[in-house]
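[1] 3D, please:
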Amino acid sequence: MRPGPRNLITDVEGLSVGNAEDAQVRTGATVLLGARPFTAAVHVMGGAPGTRETDLLAPDRLVQEVDALTLSGGSAFGLDAASGVADGLRAAGRGFDVGGQRVPIVPGAILFDLLNGGDKNWDENPYKRLGRAALIAAGPDFALGTAGAGFGAMTGDLKGGLGSASAVLESGLTVGALVAVNALGRATVGGGAQFWAAPWELTEEFGGLGPATAHPADEEPRPGKQTGAGTGPLRPGSLRPGEATTIAIVATDAALSQAQCQRFATAAHDGMARALVPSHTPFDGDLVFAAATGARALADPLTDTFALGHAAAACLSRAIARAVYEASARPGDLQPTWTARHGRAARGT
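    Next comes the predicted model:
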């Protein structure tokens, strides 16, 4: 397994990604767009999800393909980002044909960033506008860290952000992950520089520090505010119950059914649990979308689907670490970035 040329989800041919942000509101939206409709599925593991049009992703539903997927800040308000994307796609003549009317299919998910210090005193929420802007910006290259749906994201002790990674398998199939990390848990071990995802790192994409040599003696999750600087017992930090959620997309160029896509998404959750501790809590809305463009047939369905699931988990772990690693400081931050806490020397620069 090796990274694709961009080490982004857009290494999956036929996919593009766009970001849009509102710095004053301290939030943003991200869209994954297909050159043509693609098969999609979803699997939810968190206890507090916020979603749009996810019921239609079940294998027994009428519509088997979608036009785009959205990730957004804003809690329930952020679900409107998908409306902006749908408007743009309809104007471009895309969507499911219903008696001559085009209805773009744009499932979406949101994270909670309403208490991150931004100005949320709006008369009309900004997410429809942000969704449309993200669609216009969609392309093969996009920013990581403090960008898109991860612009206002936080974790248990460090700024969160937007992450992505890709892998090319020995079979020639490509897998990618895209994630907005806004977790109750931590991405690093015991408040140190090493990432939980370190065993899965490729090409020093998040510092090349390797795994922690020793885990802290007390890593039992406890409710309540963290009072230290990220060391000691593992407990939620600046986020409180109900204020979290990590939302992700894993994608492949393989030809998968919706049922196979759902298994692909389910396997990817292992990667989230490896990279964020704790994950899938009752207070997070953790979920993973899966997307399959169908460009490459499976040579061996059993072997290939096994390999795709493993790659999805590995890519998602790497993407989560990259989201935190690439976060940049902005005035008014409520949490430090990884770089601010651990220094540029730790990044090998």
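[2] So what's the predicted local confidence for Pro139?
    Heads up, residue 139 is Gly, not Pro. pLDDT, Gly139: 98.
[3] Actually, Lys225.
    Looking at Lys225, the pLDDT reads 39.
[4] Moving C-terminal from the lowest-mean-pLDDT helix or strand in the chain, which element do we reach first?
    Within the chain, confidence by mean pLDDT, DSSP states H and E is lowest for strand 96-98 among all helices and strands, at a mean of 88. Under the assignment DSSP states H and E, the closest C-terminal helix or strand after strand 96-98 is strand 101-103.
[5] Strand partners (parallel or antiparallel) of that following strand?
    In the sheet, strand 101-103 lines up against strand 96-98 (antiparallel) (DSSP bridges).
[6] In the partner strand, which residues are buried?
    Of the residues in strand 96-98, Phe96 count as buried by neighbour count, 16 or more other C-beta atoms under 10 Å. In short, each C-beta sits where N, CA and C put it, glycine included.
[7] Quick one: distance of it to the chain centre.
    29 Å (C-alpha atoms, centre = their mean, to the nearest Å).
[8] before we move on, what about stretch 316-336?
    Here stretch 316-336 is found 12 Å from its chain centre; the criterion is C-alpha atoms, centre = their mean.
[9] What mean pLDDT does that stretch get?
    The average pLDDT for stretch 316-336 rounds to 96.
[10] measure it end to end?
    23 Å (C-alpha to C-alpha, to the nearest Å).
[11] before we move on, back to that, what does the least confident helix or strand of the chain rub up against?
    Residues outside strand 96-98 that contact it (C-beta atoms under 8 Å, 6 or more residues apart in numbering): Val63, Arg102, Val103, Pro104, Ile105.
[12] Please indicate which of those residues are buried?
    For the contacts of strand 96-98, buried by 16+ other C-beta under 10 Å: Arg102, Pro104, Ile105.
[13] Would you check the residues you listed and say which has the weakest pLDDT?
    When those are compared on pLDDT, Arg102 comes out lowest, with 91.
[14] and the gap between the closest residue to Glu21 other than its chain neighbours and Ala299?
    Leaving out its chain neighbours, the residue that sits closest to Glu21 by C-beta to C-beta, 6 or more residues apart in numbering is Gly28, at 3.7 Å. Between Gly28 and Ala299 the distance is 39 Å, computed by C-beta to C-beta, to the nearest Å.
[15] Compare these two and say which is more crowded by neighbours.
    Of the pair Gly28 and Ala299, Gly28 is the one with more neighbours under other C-beta atoms under 10 Å, namely 32 against 11.
[16] host element of the more buried one?
    Take DSSP H and E as the rule and Gly28 turns out to sit in strand 27-44.
[17] Can I get that strand in PDB, CA atoms only?
    C-alpha atoms of strand 27-44 as PDB (Å, rounded to 0.1, in the frame of the first residue of the first chain):
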ATOM      1  CA  THR A  27     -17.100  27.600  10.300                       C
ATOM      2  CA  GLY A  28     -17.100  26.000   6.900                       C
ATOM      3  CA  ALA A  29     -18.400  23.400   4.500                       C
ATOM      4  CA  THR A  30     -16.800  20.800   2.300                       C
ATOM      5  CA  VAL A  31     -18.300  19.000  -0.700                       C
ATOM      6  CA  LEU A  32     -17.200  15.700  -2.400                       C
ATOM      7  CA  LEU A  33     -18.400  15.800  -6.000                       C
ATOM      8  CA  GLY A  34     -18.400  13.100  -8.600                       C
ATOM      9  CA  ALA A  35     -17.900  13.700 -12.300                       C
ATOM     10  CA  ARG A  36     -20.900  11.500 -12.600                       C
ATOM     11  CA  PRO A  37     -23.300  10.000 -10.000                       C
ATOM     12  CA  PHE A  38     -21.700   7.400  -7.800                       C
ATOM     13  CA  THR A  39     -22.800   4.600  -5.400                       C
ATOM     14  CA  ALA A  40     -22.800   5.700  -1.800                       C
ATOM     15  CA  ALA A  41     -23.600   4.300   1.700                       C
ATOM     16  CA  VAL A  42     -23.300   5.400   5.300                       C
ATOM     17  CA  HIS A  43     -22.600   3.900   8.700                       C
ATOM     18  CA  VAL A  44     -23.200   5.700  11.900                       C
END
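[18] rewinding a little: out of the contacts of strand 96-98, give me the two with the largest separation.
    Within these, Val63 and Arg102 form the most distant pair, 12.9 Å apart (C-beta to C-beta).
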